[in-house]
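>>> Just to be clear, the model below is a prediction. Sequence and coordinates:
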Amino acid sequence: MLFNSYIFIFLFLPLSVAGYFLLNHWHRYRLANGFLIGMSLWFYGYFNPSYLWIICGSIVGNFLLSQLLHRTAGKRKKAVLAVGTIANVAVIFYFKYFNFFLENINALFGQSFVLRNIVLPLGISFFTFQQISYLVDSYRGQTKGYRFDEYALFVSFFPQLIAGPIVLHNEVIPQFRDTAKRRLCADNLSRGLYIFALGLFKKVILADTFAKAADFGFGAIVTLTSLEALLVSLSYTFQLYFDFSGYCDMALGIGAMFNIDLPQNFNSPYKATSITDFWARWHMSLTRFLRMYVYFPLGGNQKGKLRTYFNIMVVYLVSGIWHGANWTFILWGVLHGVLNCLDRVFRKQWQRLHTVTQWFFTFMAVNVLWVLFRAETISDAMAFYRELFRWSSFSIRSELYGCFTLPEFLWLEQTFPVLGNAAGQIAGFHLWVFFFVAFFIVLNLRNSKEISFKPTLAKSLTTVLFLFWSIISLAGVSTFLYFNF
């Protein structure tokens, strides 16, 4: 089920909130947990019920392994952790990478292994990484005393189930155990609705509009002029930003409605002034997971510079592989690893640059590498780069301009002649408006965690406007990009 759908907004979400707090009002706390687990499984299996056996089997299996870890010691305990981790990784490998592995075996060795028709379960990387972290913490003796219903709710809680954040047990389970948080709170409900409205607007109005331009450009790479290539790359850069930021806002907003404070996953990453700063702000829960469960166990920065650089490269290689079964993702991760190593090597020189210069080169590096992230193949990415950097033509076709012409804009221009005159006199007026708004938002506005919320008339009107505008635009419902990872 999608956050940006009629059934979620008008049926699922109100029913979930009402049912959960009604059961808690009657002090049926475990039944309330069970109700929320059931609703989360409905949410997860809405498009494909066959997904349910995967997540349910994963939850039951990992909980049993965690209990076994509590009852064993020494080498046997390490063996249980190793088996559990390998089993989880094997599940991800089969669903996400098995065909990719066979394709490369066929290409390298001239074999003809038949690819399987494997449907990738939604969010499998997210809930599997979440459970690997739980097993590691169980090995460390940090998860004793949790009931199965608490564990199942920790894994399946629907706001963070499909695209994160990757939460830790000590961030969520204690909140569900707090009886004070099981009472409906009007302040949290209004704050959650406001943040949800912001996220829905980012997704439906901004991200999905930029998506049209990105799809147009990446679908016709060899026909692009250099200026079109630049605008298309920026369109995907903003599509990915507002898509993921919108999801994170909606997840935080829904969590707030249930009085659950989910960890921040998105901290204005396009304000970053270095690649290291970017990764401290982008997909923060994944970065934290890789730091805690890959980088530190490898030795972190405690074993010399060369080992530190090696560990960084491993982390970003894992990040690239995690994002998808394609050499484009692997190369994207490796290049980000190289840039992070270079950032450490030349940090003193970098810090002497003006902040604006630091920001510009960081943003452009991220933008250029997003091309790899979006391209179907490395050869497509190279073709895009050729068009981007040849600087031989600076024309823009009407098809690209048209991607940004929304019906709402046309209505406003008819209603207010001043806007109509401006749009008629400036070629691509709507395109430039969208890019101006996008840059203004990512560089100037506070993110949802930085907002100090107090119910005001302005916030109420903003909530109503954004919800109304987004809901009437849901005819073109699209999935979130990070659902694919």
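Everything's here; your move. Numbers count the residues shown, from 1 in each chain.

>>> So which elements touch the helix or strand harbouring T328?
T328 is part of helix 327-345 when elements are defined by DSSP states H and E. Applying 3 or more C-beta pairs under 8 Å, 6 or more residues apart in numbering; DSSP states H and E, one finds that helix 327-345 makes contact with helix 275-281, helix 305-323, helix 355-374, helix 378-389. To be clear about C-beta, it is placed using only N, CA and C from the backbone, and glycine gets the same treatment.

>>> so which of these gets nearest T85?
T85 lies closest to helix 305-323 among the helices and strands packed on helix 327-345, at 13.3 Å (C-beta to C-beta).

>>> ok so, going back, what does whatever helix or strand comes next after the helix holding T328 contact?
Proceeding C-terminally, helix 327-345 gives way to helix 347-351 as the next helix or strand, assigned by DSSP H and E. Residues external to helix 347-351 that are found in contact with it (C-beta atoms under 8 Å, 6 or more residues apart in numbering): S274, D343, Q358.

>>> Just the CA coordinates for helix 347-351, please, in PDB.
Listed in PDB are the C-alpha atoms of helix 347-351, where the atom choice follows Å, rounded to 0.1, in the frame of the first residue of the first chain:
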ATOM      1  CA  ARG A 347      40.500  17.900   4.400                       C
ATOM      2  CA  LYS A 348      42.800  20.800   5.400                       C
ATOM      3  CA  GLN A 349      43.000  22.100   1.800                       C
ATOM      4  CA  TRP A 350      39.200  21.700   1.400                       C
ATOM      5  CA  GLN A 351      38.500  23.600   4.600                       C
END
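
>>> Identify, out of the helices and strands packed on helix 327-345, the most deeply packed stretch.
Of the helices and strands packed on helix 327-345, the one with the most neighbours on average (mean count of other C-beta atoms under 10 Å) is helix 275-281, at a mean of 20.

>>> Give me the residues contacting that helix.
By C-beta under 8 Å, 6+ apart, the surrounding residues in contact with helix 275-281 are 266-269, 271-272, 287, 336, 339-340, 343-344, 362, 365-366.

>>> are any of these buried, and which?
266-269, 271-272, 287, 336, 339-340, 343, 362, 365-366 (16 or more other C-beta atoms under 10 Å).

>>> For N88, state which of those residues is nearest.
Top of the list for closeness to N88, among these and by C-beta to C-beta, is T287 at 19.6 Å.

>>> For the closest one, which three-state class applies?
T287 carries the three-state label helix when classified by DSSP: H, G, I helix; E, B strand; the rest coil.

>>> where in the stretch 351-485 of the chain is pLDDT low?
Residue ranges of the stretch 351-485 of the chain with pLDDT under 70: 475-485.

>>> would you list every one of the strands in it?
Under the criterion DSSP state E, counting those that start in this stretch, strands are not mapped anywhere in the stretch 351-485 of the chain.

>>> re earlier: would you turn the helices and strands packed on helix 327-345 into a markdown table with distance to C403?
Formatted as a markdown table, the entries for these read as follows, by distance: least, C-beta to C-beta, whole Å:
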| stretch | distance to C403 |
| --- | --- |
| helix 275-281 | 27 |
| helix 305-323 | 25 |
| helix 355-374 | 15 |
| helix 378-389 | 17 |
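
>>> between the helix holding T328 and helix 378-389, how big is the angle?
Note on geometry: by axes from the mean of the first three to the mean of the last three C-alpha atoms, to 10 degrees, helix 327-345 and helix 378-389 are set 60 degrees apart in direction.

>>> Name the residues that touch stretch 370-381?
Here stretch 370-381 has contacts from 214, 218, 221, 233, 236-237, 240, 323, 326-329, 331-332, 335, 384-385, 388, using C-beta under 8 Å, 6+ apart.

>>> Which strands or helices does the longest helix seen in the chain pack on?
In the chain, assigned by DSSP state H, the helix with the most residues is helix 226-257. Packed against helix 226-257, as judged by 3+ C-beta pairs under 8 Å, 6+ apart, are the following elements: helix 13-25, helix 158-161, helix 186-201, helix 208-218, helix 355-374, helix 378-389, helix 398-402, helix 429-444.

>>> Run the chain-centre distance for that helix.
Using C-alpha atoms, centre = their mean, to the nearest Å, the distance from the centre of helix 226-257 to the centre of the chain it belongs to is 9 Å.

>>> what's the weakest-modelled helix or strand in the chain?
Of all the helices and strands that make up the chain, the one with the lowest confidence by mean pLDDT, DSSP states H and E is helix 417-425; it has a mean of 74.

>>> Against which helices or strands is that one packed?
By 3+ C-beta pairs under 8 Å, 6+ apart, helix 417-425 packs against helix 407-415, helix 429-444.

>>> Burial check on K348, number of neighbours?
K348 has 7 neighbours, counted by other C-beta atoms under 10 Å.

>>> nearest to A256, of the helices and strands packed on helix 417-425?
A256 lies closest, by C-beta to C-beta, to one member of those: helix 429-444, at 21.2 Å.

>>> quick one: the closest one to chain centroid distance?
22 Å.

>>> Only the buried residues of that helix, if you could.
Within helix 429-444, the residues scored as buried using 16+ other C-beta under 10 Å are F429, H430, L431, V433, F434, F435, A438, I441, V442.
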